[in-house]
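**Student:** Everything below, folded, please.
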Amino acid sequence: MNPYVLTTLLFSLGLGTTLTFASSNWLLAWMGLEINTLAIVPLMAQHHHPRAVEATTKYFLTQATAAAVILFAGTTNAWTTGGWDMTNMSDPAATTMILAALALKIGLAPMHFWMPEVLQGLDLLTGLILSTWQKLAPMALIIQTAQTLDPLLLSVLGLTSTFVGGWGGLNQTQLRKILAYSSIAHMGWMIIVLQYAPQLTLLALMTYVLMTTTAFLTLKFSSATKINTLATIWSKSPVLTATTALVLLSLGGLPPLTGFMPKWLILQELAKQGLPLTATVMALAALISLYFYLRLCYTMTLTISPNTSTSTAPWRTQTTQNSLPLALSTVMALGLLPITPSMLMLVI
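**Tutor:** Numbers count the residues shown, from 1 in each chain. Down below sits the predicted model:
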């Protein structure tokens, strides 16, 4: 892709998200979401592969539907209240439509069916943008309108997403689909605590973006897209194999890794709000997700590829990829748990 075109598209991605962040008006927020969608569509289809084009088409249709519903709900609310202000959502029908449309945009269950299919058709760097940056604008809108949303609907969406994200990833062999179901499960954790402590939703989103970035950069560095390929990473980079296993366990939420922080705080908050049963169900759903992370760790660290090679070990050759972002994100994805109080002060 032409560097000027790429720069324009990436700038438009940033502009769309920033416009949505800064707006308190549904019309401007919708405009930011549309800029975001139109900017990422050429990035998704840039390889002109049939799977990439199919994934791009699915993504565009899904996002266009969600954007149309948001515009319709904003118009309905403006008709009732006389303004486009986000904080003045008095129409229950408009509020429910807004939540459904935003859930469709970020892939919350049961509106999640597009996400694994779309992510599977993309290359790893575009998949990284889709899994992290594209979640920020819709999540910002959900957090801004949290006080007007139906608590029961939020709880149902959160519980459903954690279970679907866990069950869906169990039978997958494609790493991008596994990361898609991982994203669905993490979104469920963010939504379940939104009505009680929005700052914990923000903290969970930050840690999710950090850990998912590390996972995608690792797969990009090792050119792995299937579980079988993971068994050969040790010959390319032994150190990367060890850190990747720890990053996956961090995604699963095991202490003393960074991923344990949001789950621990969310379960604690649910218990404080008098919802021990909900907290127990969420913890059990996290165990289902942990299974397929452990499966990936087992493949990487406890199995050896049956192929023998007489050539020079690949890890002795120099790589052309920049490893500094991967190194920094790996350190943060593994070691932020001890500074949990500082992280909480950052988001409160």
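**Student:** only C-alpha atoms for contact and neighbour calcs from this point on.
**Tutor:** Will do.
**Student:** per-residue confidence for Trp234?
**Tutor:** We have a pLDDT of 79 for Trp234.
**Student:** just checking, Phe221 touches Ala327?
**Tutor:** No: contact between Phe221 and Ala327 fails when scored by Cα atoms under 8 Å: they sit 11.1 Å apart.
**Student:** Of those two, which one has the most company?
**Tutor:** Per other Cα atoms under 10 Å, whichever of Phe221 and Ala327 has more neighbours is Phe221, with 20 against 16.
**Student:** Buried residues in the one helix or strand the more buried one maps to, which are they?
**Tutor:** Here Phe221 sits within helix 198-222, counting by DSSP states H and E. Residues of helix 198-222 classed as buried by neighbour count (16 or more other Cα atoms under 10 Å): 198-222.
**Student:** repeat for stretch 341-348
**Tutor:** Met343.
**Student:** And the strand or helix carrying Leu27, what does it pack against?
**Tutor:** In this structure, Leu27 sits in helix 26-44 according to DSSP H and E. Counting contacts by 3 or more Cα pairs under 8 Å, 6 or more residues apart in numbering; DSSP states H and E, helix 26-44 packs against helix 3-22, helix 50-81, helix 133-144.
**Student:** mind exporting the helix or strand following the last one as PDB, just the C-alpha atoms?
**Tutor:** Beyond helix 133-144 in the direction of the C-terminus, DSSP H and E gives the next helix or strand as helix 151-169. Written as PDB, here are the backbone C-alpha positions of helix 151-169 (Å, rounded to 0.1, in the frame of the first residue of the first chain):
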ATOM      1  CA  PRO A 151     -28.900  -2.900  34.500                       C
ATOM      2  CA  LEU A 152     -30.500  -6.300  33.800                       C
ATOM      3  CA  LEU A 153     -29.600  -6.100  30.100                       C
ATOM      4  CA  LEU A 154     -26.000  -5.200  30.900                       C
ATOM      5  CA  SER A 155     -25.800  -8.200  33.300                       C
ATOM      6  CA  VAL A 156     -27.200 -10.600  30.700                       C
ATOM      7  CA  LEU A 157     -24.900  -9.300  28.000                       C
ATOM      8  CA  GLY A 158     -21.900  -9.600  30.300                       C
ATOM      9  CA  LEU A 159     -22.700 -13.200  31.500                       C
ATOM     10  CA  THR A 160     -23.600 -14.400  28.000                       C
ATOM     11  CA  SER A 161     -20.300 -13.000  26.600                       C
ATOM     12  CA  THR A 162     -18.100 -14.600  29.200                       C
ATOM     13  CA  PHE A 163     -19.700 -18.000  28.600                       C
ATOM     14  CA  VAL A 164     -19.800 -17.700  24.800                       C
ATOM     15  CA  GLY A 165     -16.200 -16.500  24.800                       C
ATOM     16  CA  GLY A 166     -15.100 -19.500  26.800                       C
ATOM     17  CA  TRP A 167     -17.100 -22.200  25.100                       C
ATOM     18  CA  GLY A 168     -16.500 -20.900  21.600                       C
ATOM     19  CA  GLY A 169     -12.700 -21.000  21.900                       C
END
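**Student:** tell me which strands and helices helix 151-169 is in contact with?
**Tutor:** Where contact means 3+ Cα pairs under 8 Å, 6+ apart, helix 151-169 is packed against helix 175-192, helix 276-301.
**Student:** residues in contact with Gln144?
**Tutor:** By Cα atoms under 8 Å, 6 or more residues apart in numbering, the contact list for Gln144 reads 86-87.
**Student:** Can you tell me how far it is from Thr330?
**Tutor:** From Gln144 across to Thr330, the span is 31 Å (Cα to Cα, to the nearest Å).
**Student:** quick one: least confident helix or strand in the protein?
**Tutor:** When each helix and strand of the chain is scored by mean pLDDT, DSSP states H and E, helix 233-236 comes last, with a mean of 78.
**Student:** pretty sure Lys177 contacts Gln120?
**Tutor:** Yes: if you go by Cα under 8 Å, Lys177 and Gln120 touch, sitting 5.8 Å apart.
**Student:** where does Asp85 fall, phi/psi-wise?
**Tutor:** Dihedral pair for Asp85: phi -70, psi 130, per degrees, to the nearest 10.
**Student:** neighbours of it, just the number please.
**Tutor:** By the measure other Cα under 10 Å, the count of residues near Asp85 is 16.
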